[in-house]
Each structure stands twice: as C-alpha cells, then as structure tokens.
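**Student:** I'd like to go over a predicted model; first the sequence, then the structure.
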Amino acid sequence: MTVGFRVVQEGIATSVQDAGRPGYSHLGLGRSGIADQASAGSINRAVGNAATAPILETAGGLVVECLGRFTVATSGWTAPRVTAEGEQIQVNPAPGQQWGYFAVAGGFRGNLVLGSLSADTMAAIIAIPVNRGAHLEIGETGGRSLPDLIALPAHRHTLTVMPGPHLDRFASTALQMLTSNQWTVENNSRVGVRLGRGRIEPADGSASAASEPMVEGALQVPPNGLPIILGRDHPVTGGYPVIAVVDDESISQALGAAIGTSVSFRLG
Amino acid sequence: MKVVAGLEIAQMGTHGLLLRTDTYVPAVLGAAIRDLAIDGVSDVVPAETTLLVRCDHSGAQRAVQSQLEEIIGNYEDPPSRASREPIEIAVMYDGADLAFVADACSLSEEEVIQRHLEPTYVAAFCGFAPGFAYLSGLDSALQLPRRETPRTKVPAGAVAIAATYSSVYPQESPGGWHLIGSTTTETWDVAREPPALIEPGREVRFVRQ
C-alpha cells in the first residue's frame, strides 16, 4: 500500500469515481461512475491505466500534495509527468468543461463498496473521502503500457439524441424545438444538467405521471418546460416525461459541458 | 416500437429497453428476467407500470430485445415468488403520525394498526433512496396523500404509509410519508449482498412487536 497524496484543498464537488456500480438500480441504488468518461478515459490512459480506473473528479479548486514520485496527469495538460515529492498540483476542469480529472498510474485505491469506489451523492456512499487533510492511497501500476500524450476528446457540443419513450405525449413540434434551439447549460451536477434559454411545451399531465425507470442521458421535461439531462447519479426512477435520450457517443459531452456553455441537439 | 401481446418495448437511449405492460406486474416480470441472467443485461429496474432492461453496452441492445420478445412471448404463468417466504418485519406502532392517520381515516389507532398488519404486501419497486421499497397492498381505508409539509429528518427504521403504499425508511433522510411505527430490522446494508433486504417482487408482512 502506498499513500500517494495529501488533500490540501478539497475543491468543489470532488470525489473518486470509476466505472460505477451496475446491477443495483432495482434496489434503488444507481450506477454512479465517472461523469465525463471521454475526458477521464484519455487522462487515465495517458498514465497507463484502464479508461475507468479510479480517478479524482472535481468541478474545480482541488489541490493535492504529492508524497512521492508518481506518474500523474490532469485536465489541461498535454502529457503526463512524474511528480516531485512535496509538489502541489491544482486540478481544474479544462476550459468549457464542467469536470476536471486527476489520474495517477495505478489508480486510487480503497475498500470497494458494492464493487466500486465511486462516491454516490444520492446514496450517501463515499468509499474514499476527499476532505482537506485526507491521505489518498494509490494502487499497483501494472506496467503494461507506457505513459503517453493526453489525447483530448473532441467536444463539439452538438449532442446526438434518440427519440425518447414518451415522445408521443409531447406536442408534435416539441422535438423540432429541441433540435433547432441553441441551449445554455444553467447548472451541472452529478445528478443532472439543467438547460435554459429556451423552453419545450411540457407534455400533458407531466406533473402527475407515474414514476418510470430512468437512464443517464434521458432528457426529462418538467412542468416548467426547461429540460434536464440526467447525470450518472440520477434517481433510479423519475416522474417527468422523457422527450429524447442522449446517445452513447454524446453522453460524455453532455455531462461534461460547463455551466454557461451552449449545447444543441440533433437526431441520430 | 415492437408489440408482443400485452407488452410494448421501446428503446430508451442506446442501452435501455423500456417495457410497458398492462398484463404483467413489472416487479415480478423483472425478477423473472433478472433470474435468467441474460448475457449483456446489467440492470433490470421495475417502476409502477414499466420495466427497464438496461444493457451493459450499446451493441447488446438489439439481441437483448429479440430475446426478451421470445421469452415474454412464451411466458404463460406469471412466475411466482411464492416459493420464497414473505419477509417478516417486526413493528412498534409508535409513529409520530399515528394519531393523525387515525383521525384522517376516521378510525381508532388500534384499527389503523390492525388494518396495517392485515395484508401481505408486495414490493412493487424501489426508489427515492437505496433500499426504499414501495410496498403495494395497503388497505384502502388507510390511503392518504403525503404530508403537506415533508419532514427534513425521518429516522432510519421508520414505518410509514402514503398513497397506496407502505414502506420502511432504510436510512435517515427527509420524507413526506406518514410515520406510524418503527422497526429495528435493517433494510439497507452496503456490507451485505444484496444490500437491500426487500427486493422488488418480494412479499412482506408486518408483525406487531
């Protein structure tokens, strides 16, 4: 066991995340996991890790002190590097991004909770606390692949969607409104991305519909007409009609879009 | 959208298949599908009237959909979980809302307790919080809307009712249901597999402590 880092500043909404916790949604526990898997995956791979190895995720302001020489990479760097003992590293999202990532060769280590190290805000599960002063352990490096440049995923902010299961409850013009408008990200948390500067006429009876199972990427339209893209920590069931669902190719871009940036949608 | 008798299957994104059914109880159908351990399926999630089958990668969706159509097409009797005994939960009827519920239902407190003890409940689905099971089968005389003002703190183990359901709060949380009792039975424990005591489709009986 190696203690790799000390948390100097915990930053905003900082947590350890990995591939998440599939298989428990029917018990009311969601999947959780890395929000922007495209960005985190490129940073993890650059230090020789698997794409979903346990990584630090933050909305900004995280500062860690390195307690040894480790190969690390973070958002905004072009290549990984080896730390000096005592060096402090700041982790912030890259411009336009909501989430910044910090990876270390070997990944972060701790006791798994139901098969995962992902913190889950809805379930109050924190496998590895990332509070100020906390010490973070790192895993064994496999030594399988050499550190490489950080390949930045293209974030185009045009998200591909599939028609949602409740599309027939909306007015016939609703999908057209979704795909023709330029939306603004009003808020972005691990639970969901709230959009504004535009409005979709809510479906009939949208305030009283029965709860249905949800997936990340579902575009729910609550009675106020402002769509929400469900994030990795979404409630397992939800009561608002789903007009469309962001597809696999675009989900990282959707969940990774910074507050204030604009996004648009096209049908896939 | 594909139609099998009594069932519609709609895609929900690249991973999800949403089954809408009037014929089958989503929790019971879901438990049967989960027991089949279909290759490529990672989650089977029931709600009130629908069931989500979530694939672990987008490539699996089409194959899983045709398998589901075949399975459900050949599905005659609803699979029974009756082979499993109901879970018994011992309750102290000491809830803060017991008097309010009795008054609102024009019953005595003892009548509320007896009517709550009578049915065998079925876990219809879980949601709201991990391990929080919506238990259907509540006596119609006890069906009340949620509290007008939700509590900011409901203790773990609170036994509660609202609308057509009863439930047990697994962890301390906010909550808007009427509290009629409490139990020391732990309904959620991440160190246990499965972590939830009450899985969808399971029968539950309350016994008086």
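**Tutor:** Alright, I've got the coordinates.

**Student:** contacting residues for residue 18?
**Tutor:** With no chain named, the answer covers chain A. Counting by C-beta atoms under 8 Å, 6 or more residues apart in numbering or on different chains, A:D18 touches A:G33, A:I34, A:T52, A:A53, A:P54, A:I55, A:G107, A:S116, A:L117, A:S118. The way it works is simple: take the backbone N, C-alpha and C, and place the C-beta from them, glycine included.

**Student:** that answer is for a different chain, and I need it for chain B
**Tutor:** Counted by C-beta under 8 Å, 6+ apart, B:L18 has contacts A:P165, A:E212, A:P213, B:I9, B:A10, B:Q11, B:M12, B:T50, B:L51, B:L52.

**Student:** show me which of those is closest to B:P86.
**Tutor:** Top of the list for closeness to B:P86, among the contacts of B:L18 and by C-beta to C-beta, is B:L51 at 22.3 Å.

**Student:** the closest one contacts B:A31, doesn't it?
**Tutor:** No. Using C-beta atoms under 8 Å, B:L51 is not in contact with B:A31, being 10.1 Å away.

**Student:** joint contacts of these two?
**Tutor:** Joint contacts of B:L51 and B:A31 (C-beta under 8 Å, 6+ apart) are B:V44.

**Student:** which residue ranges of the chain form helices?
**Tutor:** Picked chain A for this. A:37-46, A:174-180, A:251-256 (DSSP state H).

**Student:** my bad, the chain I had in mind was chain B
**Tutor:** Under DSSP H, chain B gives helices at B:26-36, B:61-73, B:98-104, B:109-117.

**Student:** which of these is buried the deepest?
**Tutor:** Mean neighbours per residue, mean count of other C-beta atoms under 10 Å in any protein chain shown, is largest over those for helix B:26-36, with a mean of 21.

**Student:** what about it, near chain A?
**Tutor:** Yes. Helix B:26-36 lies within reach of chain A by C-beta under 8 Å from any C-beta of the partner chain, at B:G30, B:R34.

**Student:** same for the helix or strand of chain A with the lowest mean pLDDT, what does it pack against?
**Tutor:** One helix or strand of chain A scores below all others by mean pLDDT, DSSP states H and E: strand A:237-238, with a mean of 89. Where contact means 3 or more C-beta pairs under 8 Å, 6 or more residues apart in numbering or on different chains; DSSP states H and E, strand A:237-238 is packed against strand A:212-213.

**Student:** number of nearby residues for A:T58?
**Tutor:** Counted with other C-beta atoms under 10 Å in any protein chain shown, residues neighbouring A:T58 total 26.

**Student:** enumerate every residue touching it.
**Tutor:** A:G11, A:I12, A:A13, A:T14, A:S15, A:V91, A:N92, A:P93, A:W99, A:G100, A:Y101, A:F102.

**Student:** picking that back up, out of the helices of chain A, which gets nearest to chain B?
**Tutor:** helix A:251-256 (8.3 Å; C-beta to the nearest C-beta).

**Student:** still on that earlier bit, redo the helices of chain B as TSV? Include mean pLDDT.
**Tutor:** Listed next are the helices of chain B as TSV, based on pLDDT from 0 to 100:
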stretch	mean pLDDT
helix B:26-36	89
helix B:61-73	88
helix B:98-104	98
helix B:109-117	98
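
**Student:** now the ones you listed in CSV, with distance to B:A163?
**Tutor:** Formatted as CSV, the helices of chain B follow (distance: least, C-beta to C-beta, whole Å):
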stretch, distance to B:A163
helix B:26-36, 17
helix B:61-73, 29
helix B:98-104, 13
helix B:109-117, 14
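
**Student:** what residues does the stretch 51-200 of chain A put near chain B?
**Tutor:** Counting by C-beta under 8 Å from any C-beta, the stretch 51-200 of chain A comes close to chain B at A:V113, A:L114, A:M122, A:A123, A:A124, A:I125, A:M162, A:G164, A:P165.

**Student:** ok, the residue most central in space within chain A to chain B distance?
**Tutor:** With distances taken as C-alpha atoms, centre = their mean, the residue of chain A nearest its centroid is A:A35 (1.1 Å). For A:A35, the distance to chain B (C-beta to the nearest C-beta, to the nearest Å) stands at 16 Å.

**Student:** mind pulling the model confidence for that residue?
**Tutor:** What the model reports for A:A35 is a pLDDT of 98.
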